[in-house]
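> here's a sequence, model it:
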Amino acid sequence: MRRTLLALPALAVFAVSLHAQAPKITPKGDPSVRNDTIYSLAVKAEDYPEEGFIYLLDDGVVRYESDGRGTTTYRQVVQILTEDDVENWSERRFSWAPEREKLTVNWIRVVKPNGEVVAAKPTIEQKSDVPASTSSPVYEQRKVLRYSLSGVAPGTLVDFSYTRERLKPYLPGDFYDSWSVTMGRTTRRSRYIVDVPASMKLKIRERALNFARTEREAGGRRVYTWATKDIARVRPEPFAADSNDVYMSVAIAAPMDWSTIGAWYAGLAKDHYAITPDIRKVLDTVVAKAKTADDTLRAVHRWVAQDFRYVSVALGIGGYQPRTPAEMFARKFGDCKDKATMFVAAARALGITAYPVLLSAGGGVDTTMASIDQFNHAIAAVKRPDGKYLYLDLTSELTPVGSLPYGEQGEFGIVVHDDGLTEQIRFPLDSIERNASEMHITGELGADGRFNGRYVETGTGTRQYPLRGMFTTPLDSTQKANVSRAIATGIFRGASGDSLTGFEGKNLQAEPRVTLKVRNGMASKRSGDTDILTVPIGGLSGWAENMVNNLEERGERRFPIDVAAIIGPITSFSEFRVTLPEGWKARVPQNVTADGPFGLYEAKYAQNGRDLVISRRLRGRTGVLPKERIEDLKSWLRQVATDDVRFIVLEHPAASGN
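This is a model prediction of the structure:
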């Protein structure tokens with residue numbers, strides 16, 4: 001049930017709630033919050049046995065102007081409950097973008113619940129640059145300020161406040177901010193204040209709130225306040241869906257739209273698609289062997305994705321403005337937007353229609369809250385003859401043309417035309433069947449229990465990357481020997497491997513396939529008139545049993561079930577086919593099939609003549625199911641767990657004839 005007013009004790013803490021202006025917080029303090037009142041909320045550690053710390057106060061005060069400038073001030077008062085969390089809270093770090101922000105740490109201190117000061121300020125302060133990333137497509141350069149605190153111990157409070165002042169918005173009038181009311185830990189008091197011009201049509205998104213915000217207007221300003229108390233700890237649950245009614249949150253954004261953002265980026269990228277004669281000369285060499293338009297596309301994609309090193313470096317407006325192809329060509333490296341721009345320029349030079357695309361690398365864009373702050377990545381789109389787009393992430397050197405990294409699939413993006421026209425799109429999602437892996441172990445078992453045979457593994461879609469990663473560079477003799485040994489001994493104890501064949505991992509048209517001859521593996525062991533055969537392809541019994549126990553221990557379910565998190569949107573098939581010695585007979589286990597909305601698990605066992613065949617098939621599913629289906633999930637897991645076959649008894653001829 002939604003509450004219309006905050007309880008009186010909370011109002012006593014947050015006196016500012018009664019005024020039509022946000023409090024002005026400085027290093028001298030916060031006039032709207034009484035320290036002694038907050039500190040008195042300290043708890044007894046024994047009453048919170050599952051938590052190493054709790055939040056006595058989680059506070060945010062933000063103020064924005066119509067041009068996008070503003071300040072955001074955050075304060076937390078944390079009570080340390082156990083020794084395990086002392087080290088974590090003894091170190092604090094704050095980051096900011098110096099080209100457009102100013103950071104002020106208002107205070108950071110260690111106190112006791114009675115207000116006695118243990119440490120009035122940090123013992124060590126260090127400022128440094130955040131190293132350029134080679135894996136994260138972050139747009140902007142950032143600095144970090146690190147503090148070391150003394151006196152942090154169970155029972156003490158760490159109280160800190162900092163302010164970021166936004167001096168120069170990249171896009172005038174644009175801003176976005178979000179606030180988690182539910183922090184996962186016990187939170188005694190939570191407050192979020194937003195102060196904007198009264199004329200602004202602020203975009204607000206509230207999720208799962210069990211209380212109402214307040215709004216007050218005066219002096220040409222409107223102040224929104226979200227304040228509540230005693231938010232209980234949320235215990236994580238396996239397979240919890242992101243969309244739920246458990247985590248309370250608020251997000252705000254300027255009255256911006258995606259077309260304005262697209263037009264703004266088009267202006268930044270204007271005149272950045274020209275290639276120089278030197279680039280053209282290399283480009284002609286790159287596509288010299290191409291026989292079709294698709295061959296040309298793949299050649300240009302490989303060149304940009306693999307021959308130019310990916311490094312996320314940004315200076316000033318360079319955080320969003322791409323470098324020219326000439327600059328990137330000279331440096332032989334670039335960030336996501338540089339690579340996308342180089343590809344678009346090269347494609348256009350060859351008569352291919354291409355555009356840049358803006359998106360979030362991790363997905364999760366709220367399409368109702370248009371803001372450049374929701375984007376941190378850029379890729380390219382190629383217009384096909386049928387009018388559809390083909391998307392290419394030039395920072396992912398092992399993703400073939402026609403696919404995208406999994407985190408981008410199904411997510412939101414905008415295609416930006418040179419004239420500022422913007423198309424809102426959803427990236428395609430590969431089918432579950434495309435994300436497939438297969439493993440086959442085939443061979444013969446000797447009467448001495450040793451196995452000799454062949455191992456073959458293939459992968460497509462998201463299942464190709466481990467194989468491609470293994471062969472991104474040619475293996476030398478030592479590396480080949482190590483890989484062969486690791487694979488062989490992973491199949492059977494004491495096995496050796498030879499004749500390893502792989503593929504060129506960076507050749508995106510090459511089939512991801514690995515083969516190996518497996519020699520003299522100890523597959524079975526004599527036991528009286530039988531042999532005990534080790535099954536070399538693993539099942540999911542142990543995992544399924546552990547998950548059932550985990551779900552049982554957590555009691556009543558709170559979250560919806562994210563089906564894709566159970567197995568994943570993948571398929572896999574493993575088969576062990578072994579020819580037994582003449583006259584040997586396997587005690588074949590029962591087949592197991594667990595099929596339903598949570599996935600398919602199928603284990604089969606059969607002996608045909610001398611051939612014993614064991615296979616396990618797995619197929620994930622997607623979607624979100626209500627929490628009430630948790631018992632169905634447990635039943636499915638229990639069925640999977642019944643396939644607990646790690647060994648098979650092989651009867652010798654004399655024994656089978658008795």
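> can you pull out the low-pLDDT segments for this structure?
The model of the chain has pLDDT under 70 over residues 1-20, 130-141, 313-318, 654-658.
> residues contacting the spatially most central residue of it?
Centrality entry for the chain: nearest residue to the mean C-alpha point is G362, 5.8 Å, by CA atoms, centre = their mean. Contact analysis of G362 by CB atoms under 8 Å, 6 or more residues apart in numbering lists G407. (Glycine included, C-beta is placed from N, CA and C.)
> state the distance from it to E408.
Applying CB to CB, to the nearest Å, the value for G362 to E408 is 9 Å.
> same question, D59
Taking CB to CB, one finds D59 at 35 Å from E408.
> same check on P322?
For P322, the distance to E408 equals 19 Å [CB to CB].
> again, but for D338
Using CB to CB, D338 is found at 18 Å from E408.
> cool, and Q321?
Counting by CB to CB, the gap from Q321 to E408 is 22 Å.
> out of those two, which sits in the busier spot?
Neighbour totals were compared for Q321 and E408, and E408 leads with 25 against 21 (other CB atoms under 10 Å).
> which residue comes closest to that one once chain neighbours are left out?
Leaving aside its chain neighbours, E408 sits nearest to F427 (5.5 Å; criterion: CB to CB, 6 or more residues apart in numbering).
> where's the one you found relative to I414, distance?
According to CB to CB, F427 stands 11 Å off from I414.
> can you list residues touching both of those two?
Between them, F427 and I414 share these contacting residues under CB under 8 Å, 6+ apart: L359.
> tell me which residues are up against stretch 444-458.
Stretch 444-458 is contacted by residues 437-443, 467, 487-488, 491-492, 495, 497, 511-526, 531, 533, 578-581, 584 when judged by CB under 8 Å, 6+ apart.
> just the buried subset of these, written out for PyMOL, thanks.
Of the contacts of stretch 444-458, the buried ones go into a single PyMOL selection, burial set by 16 or more other CB atoms under 10 Å:
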select buried, resi 437+438+439+440+441+442+443+467+487+488+491+492+495+497+512+514+515+516+517+518+519+521+523+524+531+533+578+580+581+584
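> in strands, which of the contacts of stretch 444-458 appear?
Among the contacts of stretch 444-458, the ones falling in strands (DSSP state E) are 437-443, 497, 513-522, 524-526, 531, 533, 578-579.
> the domain parsing of the chain - what is it?
Split into domains by automatic domain parsing, the chain comes to 22-131+139-234+243-256, 260-426, 434-656.
> now do the second one: distance from first to last residue.
Domain 260-426 has its terminal residues 19 Å apart, counting by CA to CA, to the nearest Å.
> distance from it to the middle of the chain?
Computed by CA atoms, centre = their mean, to the nearest Å, the separation of domain 260-426 from the middle of its chain amounts to 22 Å.
> could I get the full set of helices for this structure?
Taking DSSP state H, the helices of the chain run over residues 8-13, 35-39, 86-89, 258-269, 277-286, 293-307, 325-331, 336-349, 465-470, 477-491, 541-553, 630-641, 653-656.
> dump those helices to CSV, plus distance to R142.
Shown next, in CSV, are the helices of the chain (distance: least, CB to CB, whole Å):
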stretch, distance to R142
helix 8-13, 33
helix 35-39, 30
helix 86-89, 21
helix 258-269, 20
helix 277-286, 31
helix 293-307, 26
helix 325-331, 21
helix 336-349, 16
helix 465-470, 28
helix 477-491, 37
helix 541-553, 38
helix 630-641, 41
helix 653-656, 71
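> which of those is buried the deepest?
Of those, the one with the most neighbours on average (mean count of other CB atoms under 10 Å) is helix 336-349, at a mean of 26.
> surely I80 meets Y55?
No: in this structure, I80 is not within contact of Y55 by CB atoms under 8 Å, at 11.4 Å.
> the more surrounded of those two?
Neighbour totals were compared for I80 and Y55, and I80 leads with 23 against 20 (other CB under 10 Å).
> contacts only, for that one.
Contacts for I80 (CB under 8 Å, 6+ apart) come out as 52-53, 86, 89, 152-158.
> what's the farthest-apart pair in these?
Farthest pair in these (CB to CB) is G52 and L157. Separation: 14.1 Å.
> who has more neighbours out of the two?
More crowded of G52 and L157, by other CB under 10 Å: L157, with 25 against 17.
> for that one, give me its contacts.
Neighbouring residues of L157 by CB under 8 Å, 6+ apart: 39, 42, 56, 77-80, 110-113.
> name the nearest residue to N114, ignoring sequence neighbours.
Closest residue in space to N114, ignoring its immediate chain neighbours: Y39 at 7.2 Å, by CB to CB, 6+ apart.
> assess the claim that the one you found and V111 are in contact.
Yes: counting by CB under 8 Å, V111 is a contact partner of Y39 at 6.8 Å.
> now L580: how far from P569?
As defined by CB to CB, L580 lies at a distance of 37 Å from P569.
> just R213 next, same as before
With distances taken as CB to CB, R213 is found 38 Å from P569.
> more crowded one of those two?
The neighbour count for R213 versus P569, taken as other CB under 10 Å, is higher for P569 (22 against 15).
> what are the ranges of the strands in the stretch 101-250 of the chain?
Taking DSSP state E, counting those that start in this stretch as the criterion, the stretch 101-250 of the chain carries its strands at 101-111, 117-119, 124-129, 143-148, 157-166, 176-180, 187-197, 203-207, 214-218, 221-231, 249-253.
> can you list contacts of the third one?
Contacting residues not belonging to strand 124-129 are listed as 141-148 [CB under 8 Å, 6+ apart].
> what do you get for the last one?
For strand 249-253, the external contacting residues (CB under 8 Å, 6+ apart) are 62, 175-182, 192, 194, 202-209, 213, 224, 226, 366, 369-371.
> same thing but 7 Å
With contacts defined as CB atoms under 7 Å, 6 or more residues apart in numbering, strand 249-253 is touched by 175-181, 192, 194, 202-207, 226, 366, 369-371.
> next one: the fourth one
By CB under 7 Å, 6+ apart, the surrounding residues in contact with strand 143-148 are 90-96, 98, 103, 105, 108, 122-130.
> buried ones among those residues?
By 16+ other CB under 10 Å, these give 90, 92, 94, 96, 103, 105, 108, 122 as buried.
> between these, which is nearest L650?
S90 (59.3 Å).
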